[in-house]
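Novice: this one's sequence-less:
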């Protein structure tokens, strides 16, 4: 090998070594970037809903899910970029089985809190408070409600299987001398309220948001009276998002804290007024107190 050849070989080796030295930090940097990306990966939150009833959940004209619950849910997660929503429509009963099995991270369906559900699920802060009211017309003769006995001799159109239908049947079983005529229907709530507006029933008992929503969207000439008295339909109840019992505590905390922020900035009120035609947001001080107590 000549001196020239040896010199060229040395230069080639040095060049290769220099190239590796320059490339090594670059390769190391790529690894760090990958690790950083992995550590901040967006978490998918699988949400189950039955897709009804309105105005809590419904499908819009475009076929997409909408309603108070859905709009509020999306408003919350719009402020939580670390999560990505995956909303699935399933049978109502499948929401619970899916939460139990870990298939779903949240259930969104105008859920009330019961003792049995509290044993099995984690609840969000109360999202809104509501009461039952009878939707009726001026010609029904219903002018005040002091209890279920106020409907004696009247015809109410109801679903046979929901809480109201069950409560009214129980009332009739105990009051043979002051019966309510129950006209049971499998029609949707809008159709039943249309029956009331047409005079084919004296009234229908539903949540205030339901009565308001259909009276406005179907242009029904109805008025309503809050259910009073000593009965299971009287009083205020709240609605919640629900999570599995062993839910990700950070997710629950993020949802609750963001909901409080939406109450503070008026977003909750705006969404309620849009769908309920009234603001049913709980008091901010009550929400903050409950959130602090955990």
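Specialist: Nice, I can see it. It should be emphasised that the depicted structure is a prediction, and the values quoted were computed from it without experimental measurement.
Novice: Please point out which parts of the helix or strand residue 96 falls within sit buried.
Specialist: In the assignment (DSSP states H and E), residue 96 maps to helix 92-101. If you call a residue buried by 16 or more other CB atoms under 10 Å, then helix 92-101 has these buried ones: 94, 95, 96, 98, 99. To be clear about C-beta, it is placed using only N, CA and C from the backbone, and glycine gets the same treatment.
Novice: ok, those vs residue 133, which is closest?
Specialist: residue 95 (26.6 Å; CB to CB).
Novice: distance of the closest one from residue 81?
Specialist: Distance, residue 95 to residue 81, by CB to CB, to the nearest Å: 26 Å.
Novice: And residue 127, by the same measure?
Specialist: 22 Å.
Novice: Next, count neighbours for residue 103.
Specialist: Neighbour count of residue 103, defined by other CB atoms under 10 Å: 15.
Novice: Skipping adjacent residues, who's closest to it in space?
Specialist: residue 46 (6.8 Å; CB to CB, 6 or more residues apart in numbering).
Novice: what about that neighbour, neighbour count?
Specialist: 16.
Novice: Looking at residue 127 and residue 81, which one has more neighbours?
Specialist: residue 127 (28 against 9).
Novice: one step back: any idea of the mean pLDDT in the helix holding residue 96?
Specialist: Averaged across helix 92-101, pLDDT comes to 98.
Novice: hang on, residue 109 packs against residue 58?
Specialist: No. Under the criterion of CB atoms under 8 Å, residue 109 makes no contact with residue 58, lying 11.8 Å away.
Novice: The two: which has the busier surroundings?
Specialist: residue 109 (23 against 17).
Novice: Pull the residues that contact the helix or strand hosting the more buried one.
Specialist: Per DSSP H and E: residue 109 is located in strand 106-111. Applying CB atoms under 8 Å, 6 or more residues apart in numbering, the external contacts of strand 106-111 come out as 45-50, 53, 56-57, 69-70, 73, 87, 92, 95-96, 98-99, 117, 121, 123, 239-243, 251, 255.
Novice: How about stretch 205-216?
Specialist: Outside stretch 205-216, the residues that touch it by CB under 8 Å, 6+ apart are 53-56, 68, 128, 130-135, 156, 158, 164, 168, 189-190, 193-194, 220, 222, 224, 226-227, 233, 275-278, 280.
Novice: Recalculate using a threshold of 7 Å.
Specialist: The contact list for stretch 205-216 (CB atoms under 7 Å, 6 or more residues apart in numbering) reads 54-55, 130-135, 156, 158, 164, 189-190, 193, 220, 222, 224, 227, 233, 275-278, 280.
Novice: Next step: those residues restricted to helices.
Specialist: 164, 189, 190, 193, 275, 276 (DSSP state H).
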